[in-house]
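Participant: My questions are about this predicted structure, shown below with the sequence.
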Amino acid sequence: MNFASDNVMGASAPVLDAVVRANAGALPAYGADEITKRVERRLAEIFERDAAVFLVSTGTAANALALATLTPPWGLCLSHEEAHVIEDEFGAPEFYASGAKLAGLPGVGAKLAAGTVADYLERLKQGRRFMPPHALSIAQATECGLVYAPGEIAALAEVCRRHGLKLHMDGARFANGLVAAGCSPAELTWKAGVDILSFGGTKNGCLAAEAVIVFERGLADTLGYRVKRGGHVLSKSRLIAAQLEGYLAEDHWLESARHANRMAARLGAGLTEVPGVRLAWPVEANEVFPILPRALDRTLKAAGAVYHTWSDRSLPAGERVGPDEVLVRLVTSFATEEGAVDRLLLAAGRGGSRAAAE
Ligand SMILES: Cc1ncc(COP(=O)(O)O)c(C=O)c1O
């Protein structure tokens, strides 16, 4: 019953098989191999765009390199105040961008509304001195498991366009967001105005594989130099590429994300049947955020459930976590078993028994 993160599981079988297949023999190093080239072409095909692709091995590197490409040292990059790039990357984007500043904006469920960004940018303009804003970074899905629809992204992109900002998407959970949004990868990114995407693979079944996908070709050279300078040109690129090849083949990445999202929906629905439990935000992708009575939290932990407590800063208006309650995050993944979901629900009480008896 480990729901601490989608990183707690290993890699999926198709990904591992692809790595084993790619392991034999000698191939050119540093990305000049055929497997890397194939993955670059495959991603361009999936996104219906002649995009530039850079393979890296962590999501933090993908984000930091992308944001450094969009933001000069004297520039400002906007994001949600609880975004991973602001709260969890220990200054990596600022470090890679030689000191650029990240500014955090509010929004329910860690989601940014176009109006919030527009107001902030207008206020900046009216200030006497300000760091020029260069980029906006949004997370798909958000830190609270919400999914941006193409129209919401397009509205943010329009604000960016008006103010001369580039738009970055942190897609550590891109596949989960995509299957939830029910549109094409292109519609969820460049067609809606995204300039650069950090395309996650690791959380959804790779060992350590992410891709920075640059839709605006003009940015590719700068990013390429930054990837090299930042120590992220991998000599055995074929083994990172092989992970993504196995990941993308036969819609494995989409099936894995659908499974994770289904497990989260089952968990969320079951938990809401438990007396005293409510969800802080709706379950839209593969994360569930229940507000639990403290006694139930203790019961679940004693039963062996593993999960993290979570921030209550972007709760909807009027919602609050009471003194005898705790807000927690449960994450499901490609490898979450239905049995584990049902055992947790059973341990949680009545709603669980009902779900398990289905
Ligand atoms: C939204 C988001 N972005 C980026 C990352 C970074 O990934 P990594 O841990 O591979 O650096 C994470 C990881 O938890 C994440 O949740």
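Facilitator: Happy to help now that I have it. Numbers count the residues shown, from 1 in each chain.

Participant: Looking from the ligand, tell me which residue of the chain is nearest.
Facilitator: Across the chain, the shortest distance to the ligand (Cβ to the nearest ligand atom) belongs to G59, at 2.5 Å. (Glycine included, C-beta is placed from N, CA and C.)

Participant: List the buried residues of stretch 242-257.
Facilitator: Residues of stretch 242-257 classed as buried: 242-248, 252-257 (neighbour count, 16 or more other Cβ atoms under 10 Å).

Participant: Please enumerate the strands of this protein.
Facilitator: For the chain, strands defined by DSSP state E occupy the ranges 52-56, 76-80, 101-105, 133-139, 166-171, 196-200, 210-214, 278-279, 287-288, 290-293, 308-309, 325-331.

Participant: G115 is nearest to which of those strands?
Facilitator: strand 101-105 (10.8 Å; Cβ to Cβ).

Participant: tell me the angle of the closest one relative to strand 133-139?
Facilitator: 60 degrees (axes from the mean of the first three to the mean of the last three Cα atoms, to 10 degrees).

Participant: Now do strand 101-105 against strand 76-80, angle only.
Facilitator: 30 degrees.

Participant: so what does strand 101-105 touch, helix or strand wise?
Facilitator: strand 76-80, helix 84-87, helix 92-96, helix 114-126 (3 or more Cβ pairs under 8 Å, 6 or more residues apart in numbering; DSSP states H and E).

Participant: Tell me which of the ones you listed is the most buried.
Facilitator: strand 76-80 (a mean of 26; mean count of other Cβ atoms under 10 Å).

Participant: Strand partners (parallel or antiparallel) of that strand?
Facilitator: Strand 76-80 sits in its sheet next to strand 101-105 (parallel), strand 133-139 (parallel), going by DSSP bridges.

Participant: quick one: that strand near the ligand?
Facilitator: No - Strand 76-80 is not in contact with the ligand by Cβ under 6 Å from any ligand atom; minimum separation 10.3 Å.

Participant: Please apply the same query to stretch 227-241.
Facilitator: No - under the criterion of Cβ under 6 Å from any ligand atom, stretch 227-241 makes no contact with the ligand; the nearest approach is 11.9 Å.

Participant: Touching that stretch from outside, list them.
Facilitator: Residues outside stretch 227-241 that contact it (Cβ atoms under 8 Å, 6 or more residues apart in numbering) are 19, 22-23, 27, 29-31, 33, 35-36, 38-39, 54-57, 61, 64-65, 96, 208-209, 212.

Participant: Of those, keep whichever come out buried.
Facilitator: Buried among these by 16+ other Cβ under 10 Å: 19, 22, 27, 31, 33, 35-36, 38-39, 54-57, 61, 64-65, 96, 209, 212.

Participant: Helix or strand with the lowest mean pLDDT in this protein?
Facilitator: Lowest by mean pLDDT, DSSP states H and E among the helices and strands of the chain is helix 350-357, with a mean of 42.

Participant: For the lengthiest helix in the chain, list the C-alpha coordinates in CSV.
Facilitator: Ranked by residue count, the top helix of the chain under DSSP state H comes out as helix 252-272. This file holds the C-alpha atoms of helix 252-272, laid out as CSV (Å, rounded to 0.1, in the frame of the first residue of the first chain):
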residue,chain,number,x,y,z
HIS,A,252,2.3,1.7,-23.7
TRP,A,253,2.8,5.2,-22.2
LEU,A,254,-0.9,6.0,-22.7
GLU,A,255,-2.1,2.7,-21.3
SER,A,256,0.2,3.1,-18.3
ALA,A,257,-1.2,6.5,-17.6
ARG,A,258,-4.8,5.4,-18.0
HIS,A,259,-4.2,2.6,-15.5
ALA,A,260,-2.7,5.0,-13.0
ASN,A,261,-5.6,7.5,-13.5
ARG,A,262,-8.2,4.7,-13.1
MET,A,263,-6.5,3.6,-9.8
ALA,A,264,-6.6,7.1,-8.6
ALA,A,265,-10.3,7.5,-9.5
ARG,A,266,-11.1,4.2,-7.7
LEU,A,267,-9.2,5.4,-4.6
GLY,A,268,-10.8,8.8,-4.6
ALA,A,269,-14.3,7.5,-5.1
GLY,A,270,-13.9,4.9,-2.3
LEU,A,271,-12.4,7.5,0.1
THR,A,272,-15.3,9.9,-0.3
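
Participant: Right, I'll leave it there.
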